[in-house]
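Novice: structure, please.
(one chain, ligands or ions: 1)
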Amino acid sequence: MRKVGIIGLGSYIPEKVVTNTDLEKFLDTSDEWIRTRTGIVERRYAKESEATSDLATIAAKRAIEDAKISPEDIDLIIVGTNSPDMLYPATACLVQEKLNLSKKCAAFDLQAGCPGWIYTTVVGSQFIQSGAYKNVLVIGAEAITRMMDPTDRSTYVLFGDGAGAVVLSEVEEGGFLGFELFADGSLSQYLTLPAGGSRKPFSEQVLKERSYFTQMNGSEVFKFSVREISRISSVLLEKTNTKIEDVDWFIPHQANLRIIQAGAEKLGIPTEKVVVTIDKFGNSSAASIPVSLDFLRKQDKLKKGDLVLMVSFGAGMTSGAILMRW
Ligand code: ACO
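Specialist: Next up is the predicted model:
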């Protein structure tokens with residue numbers, strides 16, 4: 001079996017900072033409520049002219065540069081997103097064109113809720129493991145704030161935009177040690193964007209009921225997330241014969257600081273090993289883990305040989321975890 005790992009990493013967080021105080025101006029909310037219930041202090045919004053493919057392309061260019069390969073060496077682009085530029089074509093095809101790679105590689109999107117980047121990374125690595133492809137560009141990217149109702153305080157305050165990308169390839173040492181993916185479609189009603197698909201195409205009714213925005217049952221999502229973050233991590237640790245004490249960095253999906261803390265506590269991971277970016281970037285959905293990984297590296301904390309456990313949960317409901325040696 002070929003060993004697969006990350007040979008290049010890059011991220012892009014839009015410049016526009018939106019603080020809790022900014023949201024207080026048009027929502028019945030407060031900085032105090034948002035901080036204490038979610039851990040979010042500020043988040044970033046994409047420019048009006050930017051869509052998900054624009055954020056994804058910047059992160060992708062950075063990852064390719066970091067990998068020290070030519071863009072032409074990319075065999076496949078997969079974008080994990082819940083806020084594609086359009087229902088179709090795939091955002092991955094738009095990124096391909098922006099990277100001047102049209103006709104030069106395969107490209108598709110993968111939709112798996114917030115674990116979108118975990119799922120895409122697992123899928124992408126299979127092509128390398130099988131020998132089908134050499135270099136796969138995997139991106140988690142979101143202009144997800146566009147999918148949130150600015151009149152709904154229970155969802156609007158939570159999210160931010162961003163993108164993270166990695167180049168996957170065969171590696172001599174380190175790389176992915178194992179993964180675990182999970183989905184429970186019986187819980188799908190708890191986090192949905194109901195309109196705009198084939199079930200509920202756009203109509204006056206859709207506009208009236210605002211069902212073109214995300215709808216969430218926060219407490220059910222909360223319960224699922226707290227349960228899954230520790231359950232799926234434990235399954236993966238057992239599967240890979242890994243002791244929790246040996247994990248150097250725990251990178252959970254950045255949805256809510258209380259979910260992160262509850263998960264870390266249940267797993268027995270000390271605070272100093274838990275990567276937290278939600279205070280600065282909010283929940284950037286499928287982008288949150290690669291963005292946090294790059295954030296950790298930029299702080300010079302991520303060292304060669306470090307054991308990294310990444311875990312995510314979200315709409316579907318889905319969850320996924322990857323264990324890797326950096
Ligand atoms: N500001 C002020 N008050 C608010 C706000 C807000 N932004 N949002 C909700 N409230 C109010 C509610 O209306 C409610 O008021 P009521 O008691 O008068 O009805 C009160 O605060 C308490 O609401 P709860 O929903 O019980 O608050 P809770 O402590 O559960 O926090 C939250 C809500 C933050 C949404 C939490 O449930 C949560 O984080 N859930 C998970 C959400 C999540 O992770 N989503 C994404 C995961 S998957 C993905 O990333 C796509």
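Novice: Gln261 and Ile229: what is the separation?
Specialist: 10 Å (CB to CB, to the nearest Å). Glycine gets a C-beta too; all of them are placed from N, C-alpha and C.
Novice: these two: who's more crowded?
Specialist: Ile229 (26 against 16; other CB atoms under 10 Å).
Novice: quick check: pLDDT value at the more buried one.
Specialist: For Ile229, the pLDDT comes out at 96.
Novice: show me what contacts it?
Specialist: Residues counted as contacts of Ile229 (CB atoms under 8 Å, 6 or more residues apart in numbering) are 252-253, 259-260, 262-263, 266-267, 311, 313, 319.
Novice: then Phe159?
Specialist: Neighbouring residues of Phe159 by CB under 8 Å, 6+ apart: 43, 144-145, 148, 282-285.
Novice: partners of it in the sheet?
Specialist: Phe159 has these beta-bridge partners by DSSP bridges: Asn283.
Novice: state the distance from it to Ala287.
Specialist: From Phe159 across to Ala287, the span is 11 Å (CB to CB).
Novice: Cys114 now?
Specialist: 9 Å.
Novice: show me where the chain has strands.
Specialist: Along the chain, the stretches classed as strands by DSSP state E are 4-12, 16-19, 42-45, 76-80, 106-110, 136-142, 162-170, 175-183, 191-192, 215-216, 249-252, 307-314, 318-325.
Novice: which residues of the protein lie near the ligand?
Specialist: Listed as neighbours of the ligand in the chain under the rule CB under 6 Å from any ligand atom: 29, 33-34, 37-38, 113-114, 153-154, 157, 191, 216, 218-219, 221-222, 225, 255-256, 283, 285, 314-315.
Novice: nearest to the ligand: which residue in the stretch 1-150 of the chain?
Specialist: Closest residue of the stretch 1-150 of the chain to the ligand, CB to the nearest ligand atom: Thr29 (3.3 Å).
Novice: just give me the neighbour total for that residue.
Specialist: Neighbour count for Thr29, taken as other CB under 10 Å: 17.
Novice: give me every residue that touches it.
Specialist: With CB under 8 Å, 6+ apart, Thr29 has these contacts: 20, 23, 153, 157.
Novice: just Trp326 next, same as before
Specialist: 6, 174, 302-308.
Novice: thanks a lot, catch you later.
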